[in-house]
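Q: Next one to model:
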Amino acid sequence: MSHKKNFWLVVLICLVPAVATAQDSVAQQQSRGRQIYVQGTSQSGKEILAYVGDASLEMRGNTLPCAGCHGLDGRGKPEGGVNPSNVTWEFLTKPYGLKHENGRQHPPYTERGLELAITRGLDPAGNKLLQAMPRYVMSREDLADLVTYLRLVGKERDPGVSDDKIVIGTMVETSGILGDWGKVITAVTNAVFEDVNSQGGLYGRRLELQVIECSAETRAAARAKLESMLKEQQVFAISNAMIAGTEKEVVPILSQNQTPLIGPFSLYPQTGFPLNREVFYLLSGLDDQAKSLVKFIAEKPEFKSGNIAMFAPRIELFTNVIEAVRAKKDASRTLTVVRYESGRFDVSDAIKQGRQAAAEVVVFMGSGDDALAFMREAEKVNWFPAMLVPGGAIGASVFEAPIGFDRKVFFSFATTPDDHTAEGLNEFRAFRAKYKLPSNLVTAQISAYVAAKMLIEGLKRAGKDVSREKLIGALEGLHEYSTGLTQAITYGPNRRVGATGAYIVAIDLKQKQFVPVSGWVDSN
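A: Numbers count the residues shown, from 1 in each chain. As a prediction, this is how the structure comes out:
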């Protein structure tokens, strides 16, 4: 008898990994199928095509995703005289079959029947589906994933959502030069959530914050910690994450897990093609700010002619800024780009190349010491081009520049106190006092506060039956949304930076102060 017990114990132990693997496989299929249903794209990168009408008009799958007509809940969204079918599994597989409003009848669907409906436009009785229903061409693997996911449509809940709470994650540095920033961001986000929870939460759910603490992590370490959070702590969305320098590692993980990120702290928003649809940036990065500077300078009579020289350390992230300047400059100007190794700026060679290019405008991306050395060397040859500094990166050392550059050095800022409305400022001050927030790093506090409020606004608009897709859709619907502390925020299906542009200030070297020289300059 003991031998039998041991035998079955061994069998059970052997089966556990197999069962777990099978469950993981189904979950992975459902995840892949969800992307096809919601976005019309495949995680494999294989093409999905849709053919519409008797003429078989060919379109890409992402222009006609299933959810576009049938809805995230699968129950159909009547529009333009078309009433898409309910595609929830319980409805499709009713044992007594289905009868539609137009009189069409058929037996219940099977998995094979669904495949024929998706690819050939036929119901289980062989009847043609509505003309508006596309016929899709996709790989066998993608088709199987989509059918697997259809079993879940209308009854799934995204990770991090339960009857009584929504779990939100963040990722912040807690030591090093940005450690204080991380602590302030966490404190503000927790305070915003506590404020919401004290008023009954959102649709009866309280907000809970889970924090990944980083210490100037390597890219691989940041990625591993984020993957662990998404898998083990089941967060619904992420807010106020400090992802500067790790975006190329972090953002793909969010996309793979379809996890929204609202208000990340980064100087380099990744907004190229294909769009990172899960990530909603609050304000412009250095690339958009560089566009605003170039647009501003082009309208100044004294700088209407002349070429542009750009000096930037050989850092990968500056490539986007260079391309932004190239795209925004007037066609009549040439752009000369000089890259150099950080800490090895050859000032004499830079002056030589800038003058040879007949540059009257310089875009400078180096350090404050490099910029100051450049301007002092330029003074020796009586060359005083306009200096454009996206984000004001060279710091206070600029006030030691030669007087010939007076009001010819221009910084950009994504936000200034001019953005603050009386109502917004009073509300923020009362909030800081109520939760006894620290007196330092007020700019970081404002950014964290606004991003957390944007998340909450999105959750409110997404409704009680919240999902990640509904949150993304709600945020995409924000247009000229007033925060009271920043420029109005606008998102859209093809826009992921809330306020695209910057304010421009000049440096008054005589008074050693900043002088506003423009209102908001939209970078578009």
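
Q: So, low pLDDT: which residues of the protein?
A: Counting by pLDDT under 70, the chain has low-confidence residues at 1-24, 80, 215-219, 272-274.

Q: so what are the domain limits for it?
A: As given by automatic domain parsing, the domain ranges for the chain are 38-150, 165-282+421-493, 287-413+503-522.

Q: got TSV for the ones you listed, with distance to Arg157 too?
A: Backbone N, C-alpha and C define where each C-beta goes, glycine included. Shown next, in TSV, are the domains of the chain (distance: least, C-beta to C-beta, whole Å):
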stretch	distance to Arg157
domain 38-150	12
domain 165-282+421-493	8
domain 287-413+503-522	36
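
Q: May I see these arranged in TSV, with mean neighbour count and distance to Ser31 as well?
A: Formatted as TSV, the domains of the chain follow (neighbours: other C-beta atoms under 10 Å; distance: least, C-beta to C-beta, whole Å):
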stretch	mean neighbour count	distance to Ser31
domain 38-150	16	8
domain 165-282+421-493	18	8
domain 287-413+503-522	18	30
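
Q: and of those domains, who's closest to Glu156?
A: Smallest distance to Glu156 across the domains of the chain (C-beta to C-beta): 8.0 Å, for domain 165-282+421-493.

Q: Determine how far that closest one lies from the middle of the whole chain.
A: Centre-to-centre, domain 165-282+421-493 and its host chain are 11 Å apart (C-alpha atoms, centre = their mean, to the nearest Å).

Q: gap between the two ends of it?
A: Terminal residues of domain 165-282+421-493 lie 28 Å apart, using C-alpha to C-alpha, to the nearest Å.

Q: swap in stretch 455-471?
A: In stretch 455-471, first residue to last residue: 9 Å (C-alpha to C-alpha).

Q: and what of stretch 301-315?
A: With C-alpha to C-alpha applied, stretch 301-315 spans 33 Å between its terminal residues.

Q: what does that stretch rub up against?
A: With C-beta atoms under 8 Å, 6 or more residues apart in numbering as the test, stretch 301-315 has contacts from 294, 297-298, 318, 321-322, 325, 329, 332-342, 345, 350, 353-354, 357-366, 370, 374, 385-386.

Q: Please apply the same query to stretch 487-496.
A: For stretch 487-496, contacts defined as C-beta under 8 Å, 6+ apart pick out 269, 271, 275-277, 279-283, 415, 419, 454, 475-483, 498-499, 501, 520.

Q: likewise stretch 426-444?
A: With C-beta under 8 Å, 6+ apart as the test, stretch 426-444 has contacts from 180-181, 184-185, 187-188, 191-192, 194-195, 265, 415, 445-446, 449, 484-485.

Q: In helices, which of the contacts of stretch 301-315 fall?
A: 294, 297-298, 318, 321-322, 325, 350, 353-354, 370, 374 (DSSP state H).

Q: so which pair among the residues you listed is furthest apart in space?
A: Ala298 and Asp370 (25.3 Å).

Q: for the closest residue to Leu335 other than its chain neighbours, helix, strand, or coil?
A: Of all residues not flanking Leu335 in the chain, Ile308 sits nearest, at 4.9 Å (C-beta to C-beta, 6 or more residues apart in numbering). The three-state assignment at Ile308 reads strand, by DSSP: H, G, I helix; E, B strand; the rest coil.

Q: Quickly note the distance from Glu115 to Pro124.
A: Taking C-beta to C-beta, to the nearest Å as the measure, Glu115 falls 11 Å from Pro124.

Q: I misspoke; the intended subject was Val517.
A: From Val517 across to Pro124, the span is 69 Å (C-beta to C-beta).

Q: Then His420?
A: For His420, the distance to Pro124 - C-beta to C-beta - is 62 Å.

Q: Could you do Phe374 as well?
A: Per C-beta to C-beta, Phe374 is found 74 Å from Pro124.

Q: Could you give the secondary structure assignment for Gly458?
A: Following three-state DSSP, the label given to Gly458 is helix.

Q: now do Gly103
A: Quick answer, by three-state DSSP: Gly103 is coil.

Q: gap between it and Ala125?
A: Counting by C-beta to C-beta, the gap from Gly103 to Ala125 is 12 Å.

Q: Glu194 too?
A: Applying C-beta to C-beta, the value for Glu194 to Ala125 is 57 Å.

Q: and if you look at Ser367?
A: Counting by C-beta to C-beta, the gap from Ser367 to Ala125 is 73 Å.

Q: ditto for Gly169
A: For Gly169, the distance to Ala125 equals 48 Å [C-beta to C-beta].
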